[in-house]
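Q: below are the sequence and a predicted model; questions follow.
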Amino acid sequence: MRDINQFTITEAVKKTFKTEPGSRFEQLLRGFIDHLHDYTRENNVTHAEWMGILNFLYDCGQISTPERHEFILLSDVIGFSALVDMINTKGGATEGSNLGPFYLDNAPRMKLGGNLSDGREGVSVLVHGRVTDSLHNPLPGAIVDTWQADASGTYPIQEQEQGQDKYDLRGVFEADEQGRYYYTTVLPKPYTVPYDGPVGRLLRAGNRHAWRAAHLHYIVRAPGMSSITTEIFFDNTEYLDNDAVFGVRKSLIAKLGPASKVDELGYSLERKPDAVCKFDFVLAPEG
Ligand SMILES: [Fe+2]
């Protein structure tokens, strides 16, 4: 390795890793080194720039907590998350969209027809639909795990210091025998992704805003099916065309309508809704 130079170092580095030949790990590691070295050579990266990149990543780590994952946010604003979502959406299934930085495992189980908003101010909306396979067969017992911001665009988890319960505006529902899920909640508002950290500096440096179109988050799963992580957007919300994390897809925009005919749906609801949003989730088989 004494004759190493800027043109031979890439192969030399790759050779030092004794990975299992043909393994996925080998493929991802070698690809990463190839692209990182190419980027460095093509751009003649200086010492100051190299240290700037490393310090930026260091700052992302420093500001991260169990409730704030700055690296997910970084991935979101540079379209890395959206690209992974797009590549991994299965044919016929609901399109995937951002997990975002605020997901919490073990959200409370709730009964169908329950009210997620628990006395919060804002427009009460019935969110309902079916979970099916791609042939429209219902998936009874499918799990619909949801979390969202409130009517001011804030996640309760962001206001724990002000006495908010981090599990507020989160719930896990089980679809009925017809694959239906339904619950009421408060209509979320658009919000800005956290921009008081390194990712915010990146957005400002690129003259970008931090706003997200109003949305509801979901993870939907059922036995034998591939789970999906996605978001539902509302047709009348701002930022559908310039969402800060590239989460919007045409197929994920739901129409928000009046609740005048809600009684015809036959749901037993804990709270009377002002508006209705219908969205069906489609899961593809596992594998
Ligand atoms: Fe969100």
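A: Arrived safely. Numbering: from 1, shown residues only.
Q: going forward, measure contacts between C-alpha atoms and count neighbours the same way
A: Fine.
Q: pLDDT of whatever helix or strand residue 219 lives in, averaged?
A: Following DSSP states H and E, one finds residue 219 within strand 215-221. Averaged across strand 215-221, pLDDT comes to 98.
Q: so which bits of it are buried?
A: Residues of strand 215-221 classed as buried by neighbour count (16 or more other C-alpha atoms under 10 Å): 215-221.
Q: just stretch 245-258 next, same as before
A: For stretch 245-258, using 16+ other C-alpha under 10 Å, the buried residues are 245-249, 252-254, 256-257.
Q: same deal with stretch 8-25?
A: Under the neighbour-count criterion of 16+ other C-alpha under 10 Å, stretch 8-25 has 10, 14 buried.
Q: tell me how far the ends of it are from each other?
A: Using C-alpha to C-alpha, to the nearest Å, the span of stretch 8-25 from its first residue to its last is 22 Å.
Q: list the contacts of it.
A: Residues outside stretch 8-25 that contact it (C-alpha atoms under 8 Å, 6 or more residues apart in numbering): 1, 4, 26, 30, 33-34, 37.
Q: quick one: least confident of these?
A: residue 1 (69).
Q: kindly confirm my reading that residue 242 forms part of a helix.
A: No - looking at residue 242 with DSSP: H, G, I helix; E, B strand; the rest coil, it is coil, so not inside a helix.
Q: that one: what's it in contact with?
A: residue 212.
Q: let's see that with 10 Å instead.
A: Contact partners of residue 242, counting by C-alpha atoms under 10 Å, 6 or more residues apart in numbering, are 208-213, 248.
Q: and if you look at residue 41?
A: Here residue 41 is in contact with 6-7, 35 (criterion: C-alpha under 10 Å, 6+ apart).
Q: out of those, who's nearest residue 165?
A: Using C-alpha to C-alpha, residue 35 is the member of the contacts of residue 41 that lies nearest residue 165, at 43.3 Å.
Q: any idea which element the closest one lies in?
A: helix 24-42.
Q: who touches the following helix or strand past that helix?
A: Per DSSP H and E, helix 24-42 leads on to helix 47-63 as the next helix or strand towards the C-terminus. The contact list for helix 47-63 (C-alpha under 10 Å, 6+ apart) reads 40, 45-46, 69-74, 196-199, 201-202.
Q: show me where the chain has its strands.
A: With DSSP state E, the ranges of strands along the chain come out as 124-133, 143-148, 170-174, 180-186, 191-192, 211-212, 215-221, 228-234, 253-254, 256-258, 275-278, 281-283.
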